[in-house]
Structure formats: structure tokens, C-alpha cells
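Undergrad: Generate coordinates for the sequence data below:
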Amino acid sequence: MSGVDSLARVPVAILAGGLGTRLHPALGDHPKVLAEVGGRPFLRYLLDQVAEAGFRDVVLCTGWRAEAVEEALGKAHGPLRLRYSPEPQPLGTAGALRHALPLLTGETALVMNGDSFCGADLIAAWDWHRAARSQATLLLVEVDDASRYGRVEVDMDGAIRGFAEKQPEAVAGWINAGIYWLDRARIESISPQMALSLERDVFPAWIGRGLMGLRTSAPFIDIGTPGSYARASAFFRAAGPGWPA
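TA: Model (predicted):
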């Protein structure tokens, strides 16, 4: 079984615990994932995307102001069931994901950063992940200026060989698009109840152990800085109805 037929049984974990420190003048005491874009919380664009792809079960890994996220989104978004995994203390992206593991049924989970959007074909990405027999696949997107993100070095066959540190000069490159397919065994291998970052602590440790990167040319935006947040509304307006395709 492939594509949308099987995605209804794959859980989605959205990392929604960010403080949004750099956006504080615009957000006030609202969590970053609730930043208003085009008249609605940014997180709802991600929920639209996964619902359209055929997912049905979403776990929101919340942190600061967790109660505000749950109050804003409730228990459902269209066909999606929404559940919540609040951090008992700040755990970082990896720690928050590990803490949510009991809610993630099945052998593979789709994991998404809650403060970025990549309009990739999630059905095709799921098929690629399984065809490659990968246990951990990162979606990668090419940007003109990778200096703020750091670049991902990947072989032609998709094996990730390294992560380049952020550089002061503007340079094009492939970056982490904030969408991951992770097998349950990989999530289980993360040390529980520890503050760890997927990007800084976990993924580098998996290099040479089957960590794969799938390149996509899909549109990408994050809301991590005032400048990128200011561009977000125009980004989604330009996408038009029915996107991502």
C-alpha cells in the first residue's frame, strides 16, 4: 500500500514549543506557532498541509504557553485529531519529540518544525522514504542564502555526509526544510528527559548511520526572524488555492 492510502495510519508530531524570542515585539506573550499570518495562526497552514496529504492523527509537542496552543486549536482541525504533549520542562526539539513517543503509534512518524513551512509533496516523500528503506529522512530545500541556517552536505544517492555551520557570508545551498520521516526505533534511541536538539545533537550523531536527505524544489519559508515573518502572508497569498499540490 502506498501514498495517501497508508498515511492515515502514520502519526504526525509537530514541534510547537518555540519561544519566539526574536518575534517578541510582534507576538507579545503568544507562542510562535500562533503567530498570525494572513489572519490565522501560522500552525494552521501546516495542519492544512498534512490533512490534504491524508494524515489524520497529529500530536503537538508544546512548551511555553502550552495551554494557549491547545485553547486556540482545540481537539480537531478538519479531519485531523489533535492531541497534545506538553513538556514538563524545556527539553529542546529532540527531548520534546522523545517525550511525545507514547502518543506516536506505528513504526514511523512524520515530524515537522512548527515555525517553518515547506510545500513539498508529502505523499511522494513518504514513498521515497520507504523505497530507500531509510530509518531517518530529512527533507532538504535549496535556498539562495543559507547563511542563517547552515548547509546540509548530501551525496547523490541521498546519504547525508555533514552539516556545515552557519556562515557570515551569503551562499546558496541545501538546508534542512524542517520535515522529517523518523522510524520509531530512531526516536526511541533519543535519551529521555534530556534537553536535546534534533539539529545540533541528534542528526549529526546519525551521520554514517543511514541518515538520508531528500532534495525538494518546493517553496519554503520560516518565521524565525522579524524579516521572514513579515514575508509570510505574501508567501501564502502567492501560493493560491489548492496549494501545496
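Undergrad: tell me the mean pLDDT over stretch 67-85?
TA: Averaging pLDDT along stretch 67-85 yields 96.
Undergrad: do stretch 183-193 as well
TA: 95.
Undergrad: Just give me the longest helix of the chain.
TA: helix 226-239 (DSSP state H).
Undergrad: Run the chain-centre distance for that one.
TA: Remark: helix 226-239 is offset 18 Å from the chain centroid, using C-alpha atoms, centre = their mean, to the nearest Å.
Undergrad: likewise stretch 146-153?
TA: That offset, for stretch 146-153, works out to 16 Å (C-alpha atoms, centre = their mean).
Undergrad: Any buried residues in it, and which?
TA: Using 16 or more other C-beta atoms under 10 Å as the test for burial, stretch 146-153 gives 146, 149, 150, 151, 152. In this view, the C-beta of every residue, glycine as well, is placed from N, C-alpha and C.
Undergrad: Now go through those and say which are in strands.
TA: With strands defined by DSSP state E, the entries of the buried residues of stretch 146-153 inside them are residue 152.
Undergrad: got CSV for the buried residues of stretch 146-153, with pLDDT and distance to residue 193 too?
TA: Converted to CSV, the buried residues of stretch 146-153 look like this (pLDDT from 0 to 100; distance: C-beta to C-beta, whole Å):
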residue, pLDDT, distance to residue 193
146, 88, 33
149, 88, 29
150, 85, 27
151, 92, 32
152, 96, 28
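Undergrad: In terms of distance to residue 125, which of the buried residues of stretch 146-153 ranks first?
TA: Residue 125 has its nearest neighbour among the buried residues of stretch 146-153 in residue 152, at 15.5 Å by C-beta to C-beta.
Undergrad: residues touching the residue nearest to the closest one when sequence neighbours are not counted, list them.
TA: In space, and not counting its chain neighbours, residue 152 is closest to residue 174: 5.0 Å by C-beta to C-beta, 6 or more residues apart in numbering. Contact partners of residue 174, counting by C-beta atoms under 8 Å, 6 or more residues apart in numbering, are 140, 141, 142, 146, 151, 152, 153, 154, 213, 215.
Undergrad: closest to residue 109 among these?
TA: The closest of those, once distances to residue 109 are taken by C-beta to C-beta, is residue 213, at 17.7 Å.
Undergrad: out of everything not next to it in sequence, what's closest to that closest one?
TA: Residue 213 sits nearest to residue 154 (C-beta to C-beta, 6+ apart), 4.1 Å away.
Undergrad: what's the answer for residue 87, then?
TA: Once flanking residues are discounted, residue 87 sits nearest to residue 63: 4.7 Å by C-beta to C-beta, 6+ apart.
Undergrad: Could you give the backbone dihedrals for that neighbour?
TA: phi -140, psi -110 (degrees, to the nearest 10).
Undergrad: lowest-confidence helix or strand of this protein?
TA: In the chain, no helix or strand scores lower on mean pLDDT, DSSP states H and E than helix 24-27, which sits at a mean of 59.
Undergrad: Give me the neighbour count for the closest residue to residue 17 other than its chain neighbours.
TA: Ranked by C-beta to C-beta, 6+ apart and with sequence neighbours excluded, the top spatial neighbour of residue 17 is residue 63, at 2.6 Å. Counted with other C-beta atoms under 10 Å, residues neighbouring residue 63 total 24.
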